[in-house]
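> Got a predicted structure plus its sequence, pasted below:
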Amino acid sequence: MKWIKQLPIAALLLCSLSANAQLFPHDGAFTRQDTLRGSITQERAWWDLQHYLLDIKVDPEKQSVSGTNTMTYQVKGEKKKLQIDLQPPMKLSKAVQNGKELEIEHDGNAHFISLKEEQTIGENYEITFHFSGRPTVAIRPPWDGGLTWQKDSNGLPFIANANQGIGSSVWWPNKDHPSDEPDNGAIIKVEVPKNLMDVSNGHLIKTERNRKANTKTYTWKVENPINNYGININIGDYVHFSEKYQGEKGELDMDYYVLRENLSKAKKQFKDAVRMMEAFEYWFGPYPFYEDGYKLVEVPYLGMEHQSSVTYGNGYENGYLGRDLSGTGWGLKFDFIIIHESGHEWFANNITNRDVADMWVHEGFTAYSESLFLDYFYGTEAASDYVLGTRMAINNDRPIIGKYGVNYEGSGDMYYKGANLLHTIRQIINDDEKWRGILRGLNREFYHQTVTSRQVENYISEKAGLDLSTVFDQYLRNTKIPVFSYTVKDGAISYRWENSVLGFNMPVKIWIDGKEKWLKPTTEWKSLELESKQANIKVDRNFYVASMDILGK
């Protein structure tokens, strides 16, 4: 009972893991700024991101960031103004192309650049953006978003960003929309005081000592496409250890950066990283970023899924800050942050939603990955116990899919309602090798791509050989939980789906006097002769449905 009382708080924390708690309007009163941020405007549509070169200086004393972002893009259509995003109080001071300063029209978080030169379709061009300021401070990261400026136990600066919900434009200028990623990766150069280290995405390719400024500059290179919110800086008195993992695509660099004081604890706790890699390569296919390696980096907040630079702040203990979010005991068999945030390497960083309204593609699959980790090491019953236990965190307050074009996510139920939807689909398919093939196929078919929910839904239906459209509509676009209504009378069971979307026809497994039976209910009554006049009916627990004997027997 103690767990049940604690659950709403834990669930609230969890459902905010990927972003800020919903700070957007719930009545449809969206603003121009919402549209500029959340839609593919004509000033975004005509060009395609190719590369970022982010070159910055971080000043811990002033809590400021300054520098440049040189952005390479390819022209796709007729030239218009170019939209770049940077949120106040950060200031975009200058934009330069081929040595010529460009005119900037500022409109809140959006900035429109007037280009002086002709732009040839198919050609690549560069613009360098100059910016500076004191970015929004994240009071309670990762939920409120921004930069966090803390100190370690020795009084040294401990700094990191966490900005999925609020947007990466909270601290650097970029094309802040998930539909477009730099196809050729990024270079991230970060200058910090000489007694500190920056850890960012990809591989460290250079370290420079700046004797006059008493600083060091760390240069990191990302080979693969990367989502904007995944680009990160982590600054502290780090120590490093590493290992090589022999994975499906060969040798993978696995690097770990932790505060000096936590090295011994990290060497023990981070063993879950290799276990994670083994389980998830089995279920999802090869780690998607072999070229960039895998990192776990300690940060002064809970953690996030920054691509190839997963951040960690779970206190070096199993569970979610020491708690089991499922209430079953299985959640204490692994470090929640290592497993969950690393699962995002496949779902969020490899397969990325094209609009945040489809964020369940990130969070539903990754919440489900927690149970698959258990399945791999502890068996299917353990995995089922866990994912069913997380149903306590589901609120059914609003649809999982949000509103398109206005940067509006769906319900926090995208986590564990999404996980239970996928667990239910696994039961419907009733063939674990086929299901595993679908999960691996998703990561192969949509490798390094941005996608819509419909693409994912259609792929699963196609590969399953089933029309699951009403199943997805029921759980993603509706708040009702379907009810298997039935009655047993005169040696027959009559049954149908209620509380469901139009045309809902999900197959379901039931138990009749302890014997397994598959039914194909619709919203119309069907009947089945039984072996006896009365029978005990039970819906298989792995289906996320309710059941009701309409005669109450």
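Ah, there it is.

> Domain map for this protein?
What automatic domain parsing lists as the domains of the chain is 2-11+343-476, 40-316, 483-549.

> Which among those is found nearest to residue 336?
domain 40-316 (6.4 Å; CB to CB). For the C-beta atoms, the positions are set from N, CA and C on the backbone; glycine is no exception.

> Dump whichever strand or helix holds residue 279 to PDB, keeping only the CA atoms.
Per DSSP states H and E: residue 279 is located in helix 271-284. The C-alpha coordinates for helix 271-284 follow below in PDB (Å, rounded to 0.1, in the frame of the first residue of the first chain):
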ATOM      1  CA  LYS A 271      28.200  -2.800 -15.600                       C
ATOM      2  CA  ASP A 272      24.500  -2.400 -16.500                       C
ATOM      3  CA  ALA A 273      25.600  -0.600 -19.700                       C
ATOM      4  CA  VAL A 274      27.000  -3.800 -21.200                       C
ATOM      5  CA  ARG A 275      24.000  -5.800 -20.100                       C
ATOM      6  CA  MET A 276      21.800  -3.200 -21.800                       C
ATOM      7  CA  MET A 277      23.800  -3.300 -25.000                       C
ATOM      8  CA  GLU A 278      23.500  -7.100 -25.100                       C
ATOM      9  CA  ALA A 279      19.700  -7.100 -24.500                       C
ATOM     10  CA  PHE A 280      18.900  -4.300 -26.800                       C
ATOM     11  CA  GLU A 281      21.000  -5.400 -29.700                       C
ATOM     12  CA  TYR A 282      19.100  -8.700 -29.400                       C
ATOM     13  CA  TRP A 283      15.700  -7.100 -29.500                       C
ATOM     14  CA  PHE A 284      16.300  -4.000 -31.600                       C
END
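
> I'd like the mean pLDDT over it, please.
Model confidence over helix 271-284, given as mean pLDDT, is 98.

> if we look at the following helix or strand past that helix, which residues are touching it?
Next helix or strand after helix 271-284 toward the C-terminus (DSSP H and E): strand 294-298. The contact list for strand 294-298 (CB atoms under 8 Å, 6 or more residues apart in numbering) reads 199, 234, 236, 238, 245, 252-259, 262, 266, 270, 273, 277, 287, 308-313, 338, 342, 345.

> so of these, which ones are in helices?
266, 273, 277, 338, 342 (DSSP state H).

> between those, which has the most around it?
Counting neighbours by other CB atoms under 10 Å, the top entry in the ones in helices among the contacts of strand 294-298 is residue 342, with 26 neighbours.

> any idea how far residue 164 is from the nearest residue to it once chain neighbours are set aside?
Nearest non-adjacent residue to residue 342, counting by CB to CB, 6 or more residues apart in numbering: residue 276, 5.0 Å away. Residue 276 sits 20 Å away from residue 164, going by CB to CB, to the nearest Å.

> do residue 242 as well
In terms of CB to CB, residue 242 sits 27 Å off from residue 164.

> Those two - which one has more neighbours?
Ranked by neighbour count (other CB under 10 Å), residue 242 and residue 164 place residue 164 first, with 26 against 11.

> Quick check: that one touching residue 304?
Yes. In terms of CB atoms under 8 Å, residue 164 counts as a neighbour of residue 304; the distance is 6.6 Å.

> So residue 266 sits against residue 313, correct?
No. Between residue 266 and residue 313 there is no contact under CB under 8 Å: 11.9 Å.

> CA atoms only: put the host helix or strand of residue 419 into PDB for me.
For residue 419, the enclosing helix or strand under DSSP H and E is helix 416-429. Extracted in PDB, the C-alpha atoms of helix 416-429 (Å, rounded to 0.1, in the frame of the first residue of the first chain):
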ATOM      1  CA  TYR A 416       3.500   3.200 -19.900                       C
ATOM      2  CA  LYS A 417       0.200   3.200 -21.800                       C
ATOM      3  CA  GLY A 418       2.400   3.200 -24.900                       C
ATOM      4  CA  ALA A 419       4.400   0.300 -23.400                       C
ATOM      5  CA  ASN A 420       1.200  -1.600 -22.600                       C
ATOM      6  CA  LEU A 421       0.000  -1.000 -26.100                       C
ATOM      7  CA  LEU A 422       3.100  -2.600 -27.500                       C
ATOM      8  CA  HIS A 423       2.900  -5.400 -24.900                       C
ATOM      9  CA  THR A 424      -0.700  -6.100 -26.100                       C
ATOM     10  CA  ILE A 425       0.300  -6.100 -29.700                       C
ATOM     11  CA  ARG A 426       3.000  -8.700 -28.900                       C
ATOM     12  CA  GLN A 427       0.200 -10.900 -27.500                       C
ATOM     13  CA  ILE A 428      -1.900 -10.300 -30.700                       C
ATOM     14  CA  ILE A 429       0.900 -11.400 -32.900                       C
END
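
> No further queries at this time; thank you.
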